Every structure is written in C-alpha cells, then in structure tokens.
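S.K.: Turn this into a model:
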Amino acid sequence: MNDQARETGLREAAMAALRRGDAAAALANLRAMDAPPPMLLAQAHNRTGDLDEEAVALRRILDSEPRNIPALLAMGQNALRRADERAATSWFRAALAQAAATGAPPQLQPLLQQAQASIAQSAQRFEDHLTAAVADLPPLPRIALATDLLLGKREIYLQQPSMFYFPGLPQRAFYERDAFEWVAPMEAMTDAIVSELEAVRAQEPEFTPYVETSADRPAPNNPLRDDARWGALYFWRSGGPVAENAARCPTVMAALTHVPMPQVAGRSPIALWSLLKPGTHIQPHHGLLNTRLICHLPLLAPAGCALRVGAETRTWTKGEMLLFDDSIEHEAWNRSAETRVVLLFETWRPEIDTDERAALTRLFQAIDSFGPAQVDTGG
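M.R.: Numbers count the residues shown, from 1 in each chain. Here you go, the predicted structure:
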C-alpha cells in the first residue's frame, strides 16, 4: 500500500469511528497519519473532552485561514465549554461577520443561529451583571450613558459641523441652564414673550418656512424645504435686526440683550420663533459650526414634543431654557395635536475665550467676504 492510500484509509477509518461515537479509535487512526486533518483532530479531541488539544488543532486551521467559519464557530463553542463567555462572543462575532460578508453553506446555518443566540444570552447576562453592580447608587446620568454605550444600547455621537470645526471643545450634547447667569432673567420674561407671540399669531398664523430654497444655491436636501409646518419668524437674521418684527415684539428684543450672542457681520446674531406644527418631524442633521450653542426658550410646549441631540433626548417645558450643540446630530418632533413654538437664538460656547471669539469673528467675516455666506438657519 502506498503512502497516499495509507493516509486515505486512516482518514476514512477515523471518520467512521467518529460517526459511531468512538472518539478514542478516531484519535488512534489520526495519530497514525503523517498529516492528520486539523478539523478531524479537533472533532476527535472535542468528543474526548480534551479542550486544550481541540483548541490547538483549530488554531492550526486559523493560522492559515483566519476567517474559516467552521473553525471560528468551533473556537466559540470551545470557549463556552471553558465558561469564557467573552472569548466565545468574540469568536462567534467573527464567524457571523464573515458569514455576512461572504455567505455560508446551508449546513452551517443552525450553528450560526446558535452563535447569534449565545451572543444575545451573554449580552443579557453581562447587562444584568453590570446593573447589579451599580444598583445601590443614586441616578448618575453619565454613568448610565457610559454603561449604555458599553452595552451597545446607544451610539457615540461627535461634533460634525458641516462648515467649520473648532478643535478642543468638549463633546457635550446639552448644557445645563443654571450654568449661565443670563438664562434666569430671560426665563422670567417668558409670559410676556408668549403674549407677544399670541398677538402676532392672531394676525399672522402662518410663519415662513424655516428651510427655504435660495435662488443662488442648490435646493436643500430636506423633506421640510419650503414647508411652513416648520416655520420661522425672525428677529435677528444675517447679523441684523428684522425691523418690523423687532417693533412688534419689544419684549423679545429686550430679552435677547441678556445673551452674549456672536456678532459677525452678515452672519450673526440669528434669533427667531421656531414653530413646529403637529405631526412634523425634523430629520437628523448637523449645524454649520461647533463654536456656538443653540438655545431654545420654550413658549408653547405641548406634551409629545422632543429634541434628540446625539444619544440624549429631552422634552421642552415652557419657560425652561434648553441649550445644545447643534454640530452634533440632532432631530426634533411634534407628536402632539398642538403647535410647538420656541424662541431660538445662538450664544458663544463658554469654553471659547475672549481672544478666540475675536479671532473667530474676524475669520468668519473673512470666509464670508470671499463669496456669499453659506445660509445658516441655526440648526
């Protein structure tokens, strides 16, 4: 008998022994071979419970084929038998990713489904384990967010301004109102501003669309383009006051004097009533700059309305300022039967000092003087 015939006979004998459940005989035949197939060796060691030798055989496969799906699945099962759930999850995820990228034969589908189920069960046990570890602590929002990010329940959102990025600023979606001394005096004026709003809407119930098509720019890719369901009535626009609206609403103009708003010729300040009709959804988007915060003073704030910035969602409450970084992905919706209106304006980021504000003002003016300024509605 030549060497090839001998190797073939031993391999077939090992396979027959495995089929009848005789792992010891299978191993004896495989050890007699000059080059035993690693997967058969792994299966035989698996049947005898020798997890270390099974792993050695599987690694021989993965050394030459790092994305071999059967070997990856087998390594995951090997780790599970060792009670190493985190390692098992890594192997199973690699197998599932490869199957998604290249496909897998039908006979592997039950094993891939088992791998998916194992990942889900392990994730739930891990979540329960972490929850128990901090169960006796008071509510801590940042700890809750960090835990959700670790568990994959929420995403990481970073500043992605569409026009200008200023480095070194904290990646923070919302700022708290009590950190700004000018907020309380403005909030105290809410009822007077609402009275002005009601008077204006009695004469002018429809505002102009917040997102408008410009004759000298491509049409914005926004489902609410030229749609008054998301409306705007401006007090400051493109760096100058809107005289008619300023005259009608002196309380609004007086309130805005409390705010350190950017002063950039042709660009800032901007300040407006932003109106959102029932059933309207502002799709996720990013603002132009990360050098400012967008501020909302809620005037009409029915239940069922909310603003998501990054991973955090907050609701509007009449007279309680919301301040957020609009360079982080954000969206808003009105799921109520009533109209929502906020006084929207911008303020400098508090981390930007006086010298930097002056330099940024000069830089923005230089950008705009090079050509028509990019339209900015405040995010």
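S.K.: so who does residue 27 touch?
M.R.: Taking Cβ atoms under 8 Å, 6 or more residues apart in numbering, we find residue 27 in contact with 14, 41, 44, 45, 48. Glycine gets a C-beta too; all of them are placed from N, C-alpha and C.
S.K.: now those: which count as buried?
M.R.: 14, 41, 44, 45 (16 or more other Cβ atoms under 10 Å).
S.K.: related to what we said a few turns ago, closest one of the contacts of residue 27 to residue 80?
M.R.: Checking the contacts of residue 27 against residue 80 by Cβ to Cβ gives residue 45 as the nearest, at 15.6 Å.
S.K.: what's the distance between the closest one and residue 73?
M.R.: The gap separating residue 45 from residue 73 is 16 Å, by Cβ to Cβ, to the nearest Å.
S.K.: just residue 9 next, same as before
M.R.: 29 Å.
S.K.: Neighbour count for those two, which is higher?
M.R.: Ranked by neighbour count (other Cβ atoms under 10 Å), residue 9 and residue 73 place residue 73 first, with 24 against 14.
S.K.: neighbouring contacts of stretch 78-90?
M.R.: Against stretch 78-90 from outside (Cβ under 8 Å, 6+ apart): 46, 51, 54-55, 58, 76-77, 91, 118-119, 122-123, 125-126.
S.K.: Drop anything exposed from those.
M.R.: Burial by neighbour count, 16+ other Cβ under 10 Å: within those this picks out 46, 54, 55, 58, 76, 77, 91, 118, 119, 122.
S.K.: Just list what the helix or strand hosting the first one packs against, helices and strands only.
M.R.: With elements taken from DSSP states H and E, the one containing residue 46 is helix 38-48. Contact analysis of helix 38-48 by 3 or more Cβ pairs under 8 Å, 6 or more residues apart in numbering; DSSP states H and E lists helix 3-19, helix 23-31, helix 51-64, helix 69-81 as its packing neighbours.
S.K.: Around residue 138, count how many other residues there are.
M.R.: Around residue 138 there are 6 residues (other Cβ under 10 Å).
S.K.: likewise residue 114?
M.R.: When counting by other Cβ under 10 Å, one arrives at 15 neighbours for residue 114.
S.K.: So it lies in a helix, does it not?
M.R.: Yes: assessed with DSSP: H, G, I helix; E, B strand; the rest coil, residue 114 lies in a helix.
S.K.: tell me the contacts of the closest residue to residue 262 other than its chain neighbours?
M.R.: Using Cβ to Cβ, 6 or more residues apart in numbering and skipping residues adjacent in sequence, the residue nearest residue 262 is residue 268, 3.9 Å away. By Cβ under 8 Å, 6+ apart, residue 268 lies in contact with 236, 239, 261, 262, 292, 346, 364.
S.K.: at 10 Å instead, please
M.R.: With contact set as Cβ atoms under 10 Å, 6 or more residues apart in numbering, residue 268 has these partners: 236-239, 261-262, 289, 292, 345-346, 348, 361, 364, 376, 378.
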